[in-house]
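>>> With the input below, show me the fold.
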Amino acid sequence: MECLTCLNLSGERRISPAPFIYEGEHWVVDHAYPTTHAGWLVILPKRHVEALHELTLEEYQERAEIEYKLVQAMRGYDSVQKEYTMCFAEGEGFHHVHIHVVPRPFDLAPELKGPRVFGFLQVDAEHAIQAPELTAFCEDFKRRLAALG
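Alright, predicted model coming up:
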């Protein structure tokens, strides 16, 4: 089966029209796409892994630091009440481990709370955040991360 995450990481077939937000030794942070929800980030291991138990201690340590910084940067947006994190790696073409980090706004509709937040990903590219807006968001978020040190 074709791994869409590996194709995305190699640049062969990018998923998001925006640039990566972060690139570390073991992980990359990208913006989920297509979506109508700005800030839906995905932490991706650079190597192909299909289960969390396959990660090394070094990979876990780097991921913890990245995830901490992501939620701290999200906290800087006035609309964000809290953050959701999820890892399933079960979707067709997406068995590569990936961790979703999603800002949960104060005004989130009840029908999108909890795991139903994935409704934000049930959109085609035509109705999703457009590339210029998404790129501007990712560049702003990258600056917020850099300011955290």
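>>> shaky segments in this protein?
Within the chain, no stretch has pLDDT under 70.
>>> Please, which helix or strand holds Glu50?
Counting by DSSP states H and E, no helix or strand carries Glu50.
>>> repeat for Glu65
Here Glu65, judged by DSSP H and E, is contained in helix 57-75.
>>> From the chain's centre, how far out is that helix? Work that out for me.
When C-alpha coordinates are averaged (Cα atoms, centre = their mean, to the nearest Å), helix 57-75 and its chain have centres 12 Å apart.
>>> Show me which residues of that helix are buried.
When neighbours are counted by 16 or more other Cβ atoms under 10 Å, the buried residues of helix 57-75 are found to be Glu59, Glu62, Arg63, Ile66, Glu67, Lys69, Leu70, Val71, Ala73, Met74. The C-beta positions use only the backbone N, C-alpha and C, and glycine is treated the same way.
>>> for stretch 99-110, same thing?
Judged by neighbour count (16+ other Cβ under 10 Å), stretch 99-110 contains these buried residues: Ile99, His100, Val101, Val102, Pro103, Arg104, Pro105, Leu108.
>>> quick one, the one helix or strand the fifth one maps to and helix 57-75 angle?
Assigning secondary structure by DSSP H and E places Pro103 in strand 99-105. With axes from the mean of the first three to the mean of the last three Cα atoms, to 10 degrees as the criterion, the two stretches strand 99-105 and helix 57-75 enclose an angle of 20 degrees.
>>> Touching the helix or strand following the helix holding Glu65 from outside, list them.
Using DSSP H and E, the helix or strand that directly follows helix 57-75 along the chain is strand 80-86. When contacts are taken as Cβ atoms under 8 Å, 6 or more residues apart in numbering, the neighbours of strand 80-86 outside the stretch itself are 39, 67, 70-71, 74-75, 99-106, 108, 114-115, 117.
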